[in-house]
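# Pasted the sequence and its predicted model underneath.
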Amino acid sequence: MQQKHPEYTLRLAHAETEAPTIKTYTFDTSALGFKFTAGEYVKVVLDGVVGDPRGNQREFSIFSPATRSAEYINITTTIEPSDSPYKNKLNSLKPGDQATVIGPLGKFTLNGLNDDAEVVLIAGGIGITPFRSIILTELASGSSRRITLIYSARTP
């Protein structure tokens with residue numbers, strides 16, 4: 001039997017362009033009891049997506065620190081002019097618009113490690129999103145864990 005994951009209807013608080021093709025979306029989770037562990041992801045379901053062969057949902061790593069999960073979550077993705085109907089719909093969202101968020105999901109976390117275990121994270125491009133959440137959560141919680149991030153991007 002497949003496990004049913006929590007679903008939330010979240011309101012877009014704002015969207016911010018991080019770079020010419022990178023955008024961060026902030027969804028309000030206040031008063032919903034949403035809680036995640038740094039490194040997890042969510043499925044974002046959008047109504048009104050037409051003509052996308054992959055459908056109306058995508059998976060996104062949570063970009064924000066877990067210590068703020070009761071207030072908001074961020075997802076970050078590439079947005080290109082030639083994107084899919086799903087990404088075009090995501091890019092058209094305005095503050096106040098709603099999306100269904102399923103999750104949190106995944107096990108790409110530091111759970112199970114000793115608090116003093118050193119960690120090396122290797123990321124490229126938009127793949128940095130779960131690592132940003134992990135690092136910000138560790139900093140916000142006062143962790144003394146040593147973390148080394150090795151990152152590569154296509155352009156400076």
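Sure, I can see it. Numbering: from 1, shown residues only.
# C-alpha from now on. contacts and neighbour counts both.
Fine.
# So what are the sheet partners of the lengthiest strand in the chain and their directions?
Longest strand in the chain, counting residues (DSSP state E): strand 7-19. Strand 7-19 sits in its sheet next to strand 22-28 (antiparallel), strand 98-105 (antiparallel), going by DSSP bridges.
# How about the first one, which residues are buried there?
To tie it back to what came earlier, the one meant is strand 22-28. K23, T24, Y25, T26, F27, D28 (16 or more other CA atoms under 10 Å).
# for the last one, same thing?
Neighbour counts over strand 98-105 (16+ other CA under 10 Å) mark Q98, A99, T100, V101, I102, G103, P104, L105 as buried.
# and the third one, what is it in contact with?
Read that as T100. Contacts for T100 were tallied using CA atoms under 8 Å, 6 or more residues apart in numbering; they are E7, Y8, T9, L10, V44, V45, L46.
# before we move on, back to that, the strands paired with strand 7-19: which one's closest to T137?
Taking CA to CA, strand 98-105 is the member of the strands paired with strand 7-19 nearest to T137, at 15.7 Å.
# Any idea how far that closest one is from the middle of the chain?
Here strand 98-105 is found 10 Å from its chain centre; the criterion is CA atoms, centre = their mean, to the nearest Å.
# Take the buried residues of strand 98-105 and lay them out in TSV including pLDDT and distance to A153.
Below are the buried residues of strand 98-105 laid out as TSV (pLDDT from 0 to 100; distance: CA to CA, whole Å):
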residue	pLDDT	distance to A153
Q98	97	32
A99	98	30
T100	97	31
V101	97	28
I102	97	29
G103	96	28
P104	97	27
L105	97	26
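# Identify the residues contacting I102.
Going by CA under 8 Å, 6+ apart, I102 touches H5, P6, E7, Y8, V42, K43, V44, V45.
# circling back: will you turn the contacts of T100 into CSV that also has pLDDT?
CSV is the format used below for the contacts of T100 (pLDDT from 0 to 100):
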residue, pLDDT
E7, 96
Y8, 97
T9, 97
L10, 97
V44, 98
V45, 98
L46, 98
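# For the residues you listed, give me CSV that also has distance to A123 and neighbour count.
Shown next, in CSV, are these (distance: CA to CA, whole Å; neighbours: other CA atoms under 10 Å):
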residue, distance to A123, neighbour count
E7, 29, 16
Y8, 29, 17
T9, 30, 16
L10, 28, 21
V44, 23, 21
V45, 26, 21
L46, 28, 19
